[in-house]
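Student: Here is a sequence with its predicted model. Questions after.
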Amino acid sequence: MSFQYWDWNLDSMALVTTAEVCDANPQLIVSGELRALQPIFQIYGRRQVFSGPVVTLKVFEDNVLIREFLEEKGNGRVLVVDGGGSLRCAILGGNPVVQAQNNGWAGIVVNGCIRDVDEIMGCDIGVRALASHPMKANKKGIGEKHVPITIGGTRISDGEWLYADTDGILISRTELAV
C-alpha cells in the first residue's frame, strides 16, 4: 500500500510507500527528522493509507478531549493521542470516528484502545490503535492538548507530519516531498 501526496512540481498525485520513503531518505532517519513508530498498532477504518499534519493530545482513560477535537474541522489533519498505552478501556468509539470522518480528519492514531470496531471499519478514515476493548472511558475532561508526546519511544510534536500505510507509520518534522 502507498500513500498519496501532491507533487507541486509535477502538478499531479504521486504514490509512495512508507518503505520507499525510508529507503530514499536515510539522512533524515539518521538525523532524527524522520522516525518510524514501533509496529504496535492494529489497522482499523477503511482508509489504510493516510497522511497529514499532526495534532497531539495526551489523556489517560478519558475521552472528553478526543471528542472535542474530532468535533472540529479536521482539514486533513491526523489526531495522535497518547492514551498512556492503557488496555483497560476504550478511549475512542464509533460515534467520534464517524464525526471525524464527516469533519475531514485524515486519521486518528491512538496509543490505547478503541471500541465499536465494526462501525469504525466502515468509516472512510484511517484509524490505528493498540487493540479493541468493550469498556468505555471516563468523562472527566482531563488531558493536555498540543504538547509533545512519546509513543513507543518516539517523540511526536504538534505540527509534525504523519504518514501511514500497511507497512507502518512514519513521523517527519516537515512535510515530505519525495
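Tutor: Arrived safely.
Student: Quick check: buried residues in stretch 21-32?
Tutor: With burial defined by 16 or more other CB atoms under 10 Å, the residues of stretch 21-32 counted as buried are 21, 22, 25, 28. Yep, even glycine has a C-beta here, placed from its N, CA and C like the rest.
Student: for stretch 69-83, same thing?
Tutor: Applying 16+ other CB under 10 Å to stretch 69-83 flags 69, 70, 74, 77, 78, 79, 80, 81, 82, 83 as buried.
Student: just for this protein, where's the confidence low?
Tutor: 1-14, 178 (pLDDT under 70).
Student: all strands in it, in order from the N-terminus.
Tutor: Remark: strands assigned in the chain by DSSP state E are 3-7, 12-16, 34-36, 42-44, 50-58, 78-82, 90-92, 107-114, 126-132, 144-145, 149-151, 154-156, 161-165, 168-172.
Student: any idea which of those strands is most buried?
Tutor: Looking across these with neighbours counted as mean count of other CB atoms under 10 Å, the highest average goes to strand 90-92: a mean of 28.
Student: So which elements touch that one?
Tutor: strand 107-114, strand 126-132 (3 or more CB pairs under 8 Å, 6 or more residues apart in numbering; DSSP states H and E).
Student: and the angle from the longest one to strand 161-165?
Tutor: Between strand 107-114 and strand 161-165, the angle comes out at 70 degrees (axes from the mean of the first three to the mean of the last three CA atoms, to 10 degrees).
Student: Need the contact partners of the longest helix anywhere in the chain.
Tutor: Longest helix in the chain by number of residues, with DSSP state H as the criterion: helix 94-102. Outside helix 94-102, the residues within contact range by CB atoms under 8 Å, 6 or more residues apart in numbering are 45, 63, 66-67, 70-71, 74, 79, 108, 114-116, 119-120, 123-125, 127.
Student: Compare the strands of the chain and give me the one nearest residue 138.
Tutor: Residue 138 lies closest, by CB to CB, to one member of the strands of the chain: strand 90-92, at 9.0 Å.
Student: Identify the bridge partners of the residue nearest to the spatial centre of the chain.
Tutor: Residue closest to the average C-alpha location in the chain (CA atoms, centre = their mean): residue 109, at 3.1 Å. Beta bridges link residue 109 to residue 80, residue 128 when assigned by DSSP bridges.
Student: how about it, what does it touch?
Tutor: Neighbours of residue 109 in contact, by CB under 8 Å, 6+ apart: 37, 41, 78-81, 127-129, 151, 162, 164, 169.
Student: cool, and residue 141?
Tutor: Contacts of residue 141 by CB under 8 Å, 6+ apart are 62, 64, 65.
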